[in-house]
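**Student:** Give the three-dimensional model of this entry:
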Amino acid sequence: MEKKVTFKVPNGKLLKIIADIDNGILISLQITGDFFVYPEEELYHIEQLLRFHPLEKESLLFMIESYIKQNNVEFYGITPEALTDAILLCGVQNG
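**Tutor:** Sure thing, here's the model as predicted:
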């Protein structure tokens, strides 16, 4: 079921998540907002990386942090923790 979350990052920017979740598994993910990612195309790769992944905080955070370190990705206005929290909010949102 598709879920949408708008999340204000503490001391940061607005983060919008659209996620299709089935039985606690992230089927698809779209990440938008008023933050910046450099290189820009890496955001798409992060979305693809997390597809078919369980909604488990430690595992999602590890995958995001590992990916940004290995690929020299820079986040401006969000953190890996905030991104993880916003994704997890999709899993607990009703309706």
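
**Student:** Now do the strands in the protein.
**Tutor:** In the chain, strands defined by DSSP state E lie at 2-8, 14-22, 25-33, 36-38, 53-54, 74-76, listed in chain order.

**Student:** Would you mind putting those strands into JSON lines with mean neighbour count and distance to Ile68 alongside?
**Tutor:** Heads up, the C-betas are built off the backbone N, CA and C, glycines and all. Putting the strands of the chain into JSON lines (neighbours: other CB atoms under 10 Å; distance: least, CB to CB, whole Å) gives the following:
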{"stretch": "strand 2-8", "mean neighbour count": "15", "distance to Ile68": "18"}
{"stretch": "strand 14-22", "mean neighbour count": "18", "distance to Ile68": "15"}
{"stretch": "strand 25-33", "mean neighbour count": "16", "distance to Ile68": "13"}
{"stretch": "strand 36-38", "mean neighbour count": "15", "distance to Ile68": "9"}
{"stretch": "strand 53-54", "mean neighbour count": "14", "distance to Ile68": "16"}
{"stretch": "strand 74-76", "mean neighbour count": "14", "distance to Ile68": "7"}
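
**Student:** Return the member of those strands having the minimum mean pLDDT.
**Tutor:** Note on the strands of the chain: strand 2-8 shows the lowest mean pLDDT, a mean of 91.

**Student:** Neighbouring strands - and their directions - for that one?
**Tutor:** Listed by DSSP bridges, the sheet partners of strand 2-8 and their directions read strand 14-22 (antiparallel).

**Student:** Dump the strand it pairs with to CSV, restricted to CA.
**Tutor:** This file holds the C-alpha atoms of strand 14-22, laid out as CSV (Å, rounded to 0.1, in the frame of the first residue of the first chain):
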residue,chain,number,x,y,z
LEU,A,14,11.6,19.3,4.4
LEU,A,15,11.7,15.6,3.3
LYS,A,16,8.9,14.0,1.4
ILE,A,17,8.7,10.2,1.1
ILE,A,18,6.3,8.2,-1.1
ALA,A,19,6.7,4.5,-0.3
ASP,A,20,4.9,1.3,-1.4
ILE,A,21,5.0,-1.1,1.5
ASP,A,22,3.8,-4.7,1.6
